[in-house]
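Visitor: one predicted model, sequence on top.
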Amino acid sequence: MFATRALRQAVAHAERSPLIKFIGKRSVPASTDRSPQPHPASPSHSLPDDFTTGHTSFSSYRDHAQQFGPLRKTIKNDGERGVGGTSGYELGSVQPAKGEVFDRNDLPARFRRAPISLAEIEAVETGGATLFA
């Protein structure tokens, strides 16, 4: 027991050295081509037509590309106020339209799940062993 404690203290106070050794200085190679290129698996093997017009980087293109959801923050159509720009009252009712339901329990009885019998529950719990006894 004391040997373990002594080893733990020795390990805690020992100077740690990494096992991976890197060769050379950490720097970005200057010969890297940073111009926009299509993805190698692209079916068209070309960039989108509107990519090269006015975009200097992928991030500037992404800001102006068609986005849905929270990423869409810079483009707004005529009259659109963006995410959170419309009050809940203006969005309208949250009640389902005629013929739509939000929950399975709102369906007619013939479309609901059938109740599970006690015999079926026992068969599942025992792996079907009670069916042969």
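Guide: Ah, there it is.
Visitor: Phe102 reaches Val94, doesn't it?
Guide: No. With contact defined as Cβ atoms under 8 Å, Phe102 does not reach Val94; the gap is 9.1 Å. Backbone N, C-alpha and C define where each C-beta goes, glycine included.
Visitor: please report how far the residue nearest to Pro36 when sequence neighbours are not counted lies from Gly88.
Guide: Leaving aside its chain neighbours, Pro36 sits nearest to Leu47 (6.0 Å; criterion: Cβ to Cβ, 6 or more residues apart in numbering). For Leu47, the distance to Gly88 (Cβ to Cβ, to the nearest Å) stands at 41 Å.
Visitor: and what of Ser60?
Guide: 34 Å.
Visitor: which of the two has more neighbours?
Guide: Ser60 (11 against 7; other Cβ atoms under 10 Å).
Visitor: can you give me the strands in the protein?
Guide: Using DSSP state E, no strands are found in the chain.
Visitor: run through it and note the low-pLDDT ranges.
Guide: 1-2, 50-54, 64-85, 131-133 (pLDDT under 70).
Visitor: where along it do the helices fall?
Guide: 2-13, 58-64, 88-91, 118-125 (DSSP state H).
Visitor: pick the most deeply packed of these.
Guide: helix 58-64 (a mean of 13; mean count of other Cβ atoms under 10 Å).
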